[in-house]
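> Build me a model:
(one chain, ligands or ions: 1)
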Amino acid sequence: MNNIRCKDHPDNQIIFITWNSTIVKFICDECMAIDLQEGDLLQKQCKKMAIKKAIKEPEYFFTQFSLDEKNKTFFSAFKKFPDVELMNIIEKTKQNIQYIQLILDSIMKELQSEINKLINNKDIVRKQLNKVSQYQEFKELIQSLNKKQKVTHDAVRQIEIQLEKIFLGIEKNSSDFNQEIKKAQEISKIDKVNDFLGIEQLRLQIEQFKQISAFFMPVQKPIVPEEYFQYLLNKISLGAKKQIKFTDIIFDQQKDNLNSINFWNCVKDKENLLMIFKSQSGNIFGAYTPIKWVYEDTEIMDHSCNSFLFSYTHKSIHQNNKGFHALNLQKYKGPCFGQKYLSIDFDLYIEGDFQKGYSNLGKAYTKESSQDSKTHLFGQETPNIIQCQIFQIIFK
Ligand SMILES: [Zn+2]
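This is a model prediction of the structure:
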């Protein structure tokens with residue numbers, strides 16, 4: 001666009017194109033400033049396009065026009081990966097890998113020195129063991145036999161007799177013998193291998209690596225809006241009196257993949273899990289408990305009472321009541337919160353197929369009188385879960 005000059009401002013190059021439903025115009029930055037001042041662009045509902053950018057980036061050109069939803073999504077995904085950001089990621093990844101390499105080298109060195117230490121110690125221990133009197137006598141006898149050029153049967157028998165003395169002596173008085181070995185040990189010990197400092201560094205570095213590469217992974221967003229998710233995290237953090245380091249989505253499955261096997265494979269032996277469910281009716285609800293999900297049939301009390309159920313749909317929180325089991329673990333079932341006692345049912349009970357189950361809210365967990373104990377969470381009488389997400393909360 002070097003040689004095109006603005007007709008109103010001949011000193012200036014043309015930089016933009018503006019247009020509305022009736023006219024398209026080349027303009028310079030001065031025109032633009034005037035238009036903006038007078039509010040012309042807005043009044044005439046003019047759109048504008050930077051020419052250089054439009055020539056360089058086709059996606060910029062296309063997004064200036066009205067696009068249908070599918071194309072909009074396509075271009076917004078395109079925009080998510082700006083060139084600068086991508087270069088930055090390569091740089092970060094490179095640094096990270098170099099750092100991991102350094103850590104691995106230092107672990108290797110640590111290992112080498114630990115092993116050298118062990119070998120040294122073994123040598124020292126051997127030297128000490130050599131000093132045990134019975135062993136010395138044994139060795140001297142064998143050596144004396146070796147030194148002789150010609151060994152008569154008689155001489156061998158003599159040695160045998162002396163060996164008998166040593167061996168049978170040991171057998172008879174093993175406590176003295178053991179005492180001598182212990183004395184030899186005290187002088188030098190075979191240390192256990194120290195914990196490698198590098199291993200912890202490596203773990204942290206790999207964690208960072210995961211965070212960098214997370215950029216390329218499809219973003220798994222919570223079913224609930226970000227603000228509500230943050231609200232839940234704040235609540236969990238306050239209850240635990242600990243800051244949250246990060247959350248890790250460890251499970252995100254739709255109806256077809258929801259069953260007790262997949263569920264247990266994911267939650268087994270994990271703690272501080274936040275679960276979010278969406279039921280057929282569209283209701284969104286969930287549960288949090290700090291308790292560890294051990295794979296056995298058992299009921300567990302949460303003495304902190306930090307376990308809670310929630311309904312995103314109704315914006316309600318249902319805290320675990322003191323004295324009631326928070327969690328009921330059942331190997332072949334889905335998640336189950338609350339306590340079964342005489343005629344009392346669980347507050348939230350999801351069967352292994354994630355479809356059947358029931359809710360009897362307001363027993364082990366709080367409920368307001370206006371809330372229906374059966375349908376408040378599900379929006380219907382059975383869970384019929386169509387999506388389930390599980391987040392692991394990692395505290396600092
Ligand atoms: Zn101009």
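> residues in contact with Tyr295?
By C-beta atoms under 8 Å, 6 or more residues apart in numbering, the contact list for Tyr295 reads 264, 268-269, 329, 331. In short, each C-beta sits where N, CA and C put it, glycine included.
> Mind putting those into CSV with pLDDT, distance to Val294 and secondary structure?
Shown next, in CSV, are those (pLDDT from 0 to 100; distance: C-beta to C-beta, whole Å; DSSP: H, G, I helix; E, B strand; the rest coil):
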residue, pLDDT, distance to Val294, secondary structure
Trp264, 94, 10, helix
Lys268, 92, 8, coil
Asp269, 92, 7, coil
Leu329, 94, 6, strand
Lys331, 89, 10, coil
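> could you pull out the helices for this structure?
29-38, 40-43, 51-56, 58-62, 69-79, 83-130, 133-147, 153-172, 174-187, 197-213, 226-240, 260-267 (DSSP state H).
> Without its sequence neighbours, what residue ends up closest to Ile350?
With sequence-adjacent residues excluded and distances taken as C-beta to C-beta, 6 or more residues apart in numbering, Ile350 is closest to Gly334, at 3.6 Å.
> count of neighbours near the one you found?
Around Gly334 there are 25 other residues, counting by other C-beta atoms under 10 Å.
> I figured it was touching Phe263, is that so?
Yes: with contact defined as C-beta atoms under 8 Å, Gly334 and Phe263 form a contacting pair (5.8 Å).
> what touches both of those two?
Common neighbours of Gly334 and Phe263 (C-beta under 8 Å, 6+ apart) are Phe354.
> Residue numbers of the protein in contact with the ion?
6, 8-9, 28, 30-31 (C-beta under 5 Å from the ion).
> Between these, which sits nearest Leu163?
Cys28 (110.5 Å; C-beta to C-beta).
> need the helix or strand of this protein with the lowest average pLDDT.
helix 40-43 (a mean of 57; mean pLDDT, DSSP states H and E).
> list the contacts for the spatially most central residue of the chain?
Closest to where the C-alpha atoms of the chain average out (C-alpha atoms, centre = their mean) is Asp248, at 4.8 Å. Shown in contact with Asp248 (C-beta under 8 Å, 6+ apart): 391-392, 394.
> Weed out the non-buried ones from these.
391-392 (16 or more other C-beta atoms under 10 Å).
> Among the contacts of Asp248, which one lies nearest to the ion?
The ion has its nearest neighbour among those in Phe391, at 54.8 Å by C-beta to the ion.
> Contact partners for the closest one?
So Phe391 contacts 222, 247-250, 273-276 (C-beta under 8 Å, 6+ apart).
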